[in-house]
Every structure is written in C-alpha cells, then in structure tokens.
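A.B. asks: what follows is a protein structure lacking sequence information:
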C-alpha cells in the first residue's frame, strides 16, 4: 500500500538481532532466539517505561478533564479539540490555544504521552474519551478537531469505534464541522516511532529508540491498532471538510507526502472537501512556529468556510442522506 515505510534502509533480519552476527552464538548458548529476545527486551522496556507513562498520562488526563468541564460549562462558543503529538507538553500547544481563543473558540487539549501513543488499550481509551466529549455537546454546537502527528491515529481510532455505533456516529457527525491534520496522518511503523522518540528525547541514542520501538510493537501489537486507525481514516471519516498541514522534507515520517496523498485521495473519492498546505522545507509539528503567517492565514480561511457551511446546514438537513 501507499507509504508503508519500506525505504530499504531498515531491513530487519529474521532473527531480530539487527544483523549483528557476533551476538548470535552467545545468545543461542542460553537458548534465546530472536523473537524471544525481542519479547524480553520489549517487556523490560515496558516495565522500565511504565512509571513514566503512568505519570505522563495521569498529568495529561487531569489537564484534559479540567478542560472538558470548562468546555461543557461554556457551550456558546464553537469548540476545538486538539490531539497532541507524542511527548508534547501543554506549553507547546499554548500558541494554538491562544490563536483559537482569540478567534472566539473554546479549546480542549488531549495530551498524548508514550502510553496513549503506543499502548493500544490506552490509545483506545483516549479515543473513547474524545468521542464521549463530542457526543455530550449540545446539538448544533460546532466542533473542530485539530490532530497532530500521532494524534491523527487517536482520531482514527475514534472513527473506527463510532462507525459501529449508528446513534453515536450520527450524533458526532452532526457536531463535527471540520478536521485539521498537522504532520499526519501516516502509516506508522517502528522506525517512525523511533524517530519521534528521538526527537522528543535526543539524549538517548537513535539505536536504543529503534530497539525500544521495535520491542514495543512486538509486545503490544501496536501495528494492528495503527492499522485499524489508518483504515478508518481512509474509509469512515465524517463528511466535514479537512485541512492537511505537512512538509515534503518531514524528518520523522520520511514518506509522509505519499501517506497524506493516499488519505486525501480516498476521502476526495468519497466527496469530502479537502484543503492542503504543503511546504518544501519545514519541521514535523512545527509548521506554525516556522511559517506562522501562512499557517494562520490558511487556518483562518478554513475555519471561516467550516462555519459558513454549518450556518447553511439547517436548510439541507432534511435532504441529508
């Protein structure tokens, strides 16, 4: 399929040792073959990272809950739901929050630490929280989703969940007026996650992050979860307009342009209105920082279009299929 990450630079030998022949005899003496080794390493990495993930995600959950309640208290304004990239902190998203609030929107931010990004059960729980928040909004309140990088996968899991539930799907569909994808979506593989982890925490070597990401995927079967999200993003999206921000030189997802083209093509075929803003040179999830005027101008025009479409909606609700 499009954008599967197979660029030839990361060929995984079948024994899982990364081709290091010197390690194999010693490991075979102890009866440890490649798959077992990967599982052992993965388990170790998961245990070591467990405390960090719990702390990260508890802090993120608490801040999201605070935002959620505020959004439910003040329902006069349209609502923006932001789904962060992996490892983002609230302060990283302040410039987006400030922009939206100046434009007259209320904002709820869902932070995605390693847990919600990489552990399928936590990813699904995050998607469920977002779906329930949208479902609780008053009828007619416009909702805009702004998803960054791994956050696009959380949104994909939301779509995968609600398309099985007709009542919830229709309720959420009636509120969502626009979706913004920043630095995604993409087909996610261990090497992409390793690059993301190295970006968030560069003091740890790329080789370690590559090993850790491969182990995470092996132990948690994250690839299956990502696959479901990707399928939903291609097949089950709401009819609301979509805006894609990305660059051709993305340093985290090397084939991002091919991936975005795939999702754009699939959704265009289904009649979804698509807008794109693509840069030759930029940085993963940093387009607003590097290209503030272009980013804000494109985003403002997109939001204006979404709100105009919403205002025109009552006249055509009766004929909606």
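C.D. replies: That came through fine. Predicted model, so just to flag it, every value in this text is computed and none were measured.

A.B. asks: contacts only, for residue 130.
C.D. replies: Contact partners of residue 130, counting by Cβ atoms under 8 Å, 6 or more residues apart in numbering, are 81, 83, 110, 154, 155, 158. For every residue, glycine as well, the C-beta is placed using N, CA and C.

A.B. asks: switch the cut-off to 7 Å
C.D. replies: Each residue near residue 130 by Cβ atoms under 7 Å, 6 or more residues apart in numbering is listed here: 81, 83, 110, 154, 158.

A.B. asks: what ranges does the chain have for its helices?
C.D. replies: All helices of the chain, identified by DSSP state H, fall at 24-29, 34-73, 94-102, 114-118, 120-135, 150-162, 166-175, 190-200, 206-220, 222-235, 256-269, 287-290, 292-312.

A.B. asks: which residues of the stretch 1-150 of the chain score low on pLDDT?
C.D. replies: 1-66 (pLDDT under 70).

A.B. asks: was I right about residue 138 contacting residue 76?
C.D. replies: No: Residue 138 is beyond contact range of residue 76, at 9.5 Å (criterion: Cβ atoms under 7 Å).

A.B. asks: per-residue pLDDT of residue 206, please?
C.D. replies: For residue 206, the pLDDT comes out at 86.

A.B. asks: so how far is residue 104 from the closest residue to residue 99 other than its chain neighbours?
C.D. replies: Sequence neighbours aside, residue 296 is the residue nearest to residue 99 in space, at 6.5 Å (criterion: Cβ to Cβ, 6 or more residues apart in numbering). Taking Cβ to Cβ, to the nearest Å as the measure, residue 296 and residue 104 are separated by 14 Å.

A.B. asks: and what of residue 178?
C.D. replies: From residue 178 across to residue 104, the span is 15 Å (Cβ to Cβ).

A.B. asks: quick one: which of those two has more around it?
C.D. replies: residue 178 (26 against 11; other Cβ atoms under 10 Å).

A.B. asks: what residues are up against the residue nearest to the more buried one when sequence neighbours are not counted?
C.D. replies: Spatial nearest neighbour of residue 178, chain neighbours left out: residue 306 (3.6 Å); criterion: Cβ to Cβ, 6+ apart. Counting by Cβ under 7 Å, 6+ apart, residue 306 touches 144, 177, 178, 241.

A.B. asks: quick one: pLDDT of the spatially most central residue of the chain?
C.D. replies: Geometric centre of the chain, nearest residue: residue 151, 2.1 Å, by Cα atoms, centre = their mean. pLDDT recorded at residue 151 is 97.
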